[in-house]
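1. Build the 3D model from these lines:
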Amino acid sequence: MVIGFVVIAVLGVGFLSWQMRPDQWSPGVAIHDTPAMVESTRLIATDDENPSPTYHVTYLDGETQRMTPEQYALLLLQRNDTRSFTFRLLNISTPFGIAWVVLGLLGQVLFTGRMIVQWLASEKLQQSVVPPAFWWMSLIGASMLITYFIWRKDIVGFLGQGAGWLIYGRNLWMIYHPRAKKDA
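-> Residues are numbered from 1 along each chain as shown. A predicted model of the protein is given here:
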């Protein structure tokens with residue numbers, strides 16, 4: 001399984017690296033030699049004088065530049081090419097993104113580890129049981145993953161973990177607040 005993950009990661013990074021390089025684009029597009037970090041980008045609407053949209057790019061150093069869609073696409077390609085192997089592998093653009101990826105990985109480790117806890121508890125009693133640690137690991141792992149998916153703007157992951165999160169909380173509630181058994 002680990003080997004499969006490594007192979008997929010390497011292929012993914014290889015795919016990210018295999019793309020048209022800026023020098024393969026049409027000549028005459030003036031962009032920074034080394035792309036500076038972009039602070040903001042605005043798309044300026046078309047008008048009668050300028051029938052095609054333009055991008056107004058502001059760099060961190062205060063410089064501004066107007067670009068055609070083709071020039072802006074070239075800027076994005078150049079920025080991607082300047083990212084390190086690690087940044088491309090993790091699909092991040094700043095060092096702060098590493099913290100978010102670590103949060104997501106820890107959440108996934110907790111979420112996966114809960115199954116090992118449940119398996120060991122069942123083996124110990126020689127019957128299927130679900131210990132409270134399983135629900136705690138589920139709740140904490142899902143919370144970390146939900147936070148990560150919000151940062152990634154991943155609605156599928158958010159919805160997948162969000163539904164389970166309610167179930168984990170409800171099971172913990174039932175464990176720590178049991179109803180008194182009704183005598184019949």
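2. Please point out which parts of the lengthiest helix in the chain sit buried.
-> For the chain, the helix with the greatest residue count under DSSP state H is helix 96-125. Residues 100, 101, 104, 107, 110, 111, 114, 117, 118, 121 are the ones in helix 96-125 that count as buried (16 or more other Cβ atoms under 10 Å). Just so you know, the C-beta spots here come from the backbone N, C-alpha and C atoms, and that holds for glycine as well.
3. residues in contact with the second one?
-> Meaning residue 101. Contact analysis of residue 101 by Cβ atoms under 8 Å, 6 or more residues apart in numbering lists 90, 92, 148.
4. Check whether the second one sits in a helix, strand or coil.
-> Okay, so that is residue 92. Assigned state for residue 92: coil (three-state reduction, DSSP: H, G, I helix; E, B strand; the rest coil).
5. Any chance of the backbone angles for it?
-> For residue 92, the backbone dihedrals (degrees, to the nearest 10) come out as phi -130, psi 160.
6. what about it, neighbour count?
-> For residue 92, the tally of surrounding residues (other Cβ atoms under 10 Å) stands at 18.
7. need the contact list for it.
-> Residue 92 makes contact with 98, 100, 101, according to Cβ under 8 Å, 6+ apart.
8. related to what we said a few turns ago, among the buried residues of helix 96-125, which pair sits farthest apart?
-> Maximum pairwise distance among the buried residues of helix 96-125 (Cβ to Cβ): 32.0 Å, between 100 and 121.
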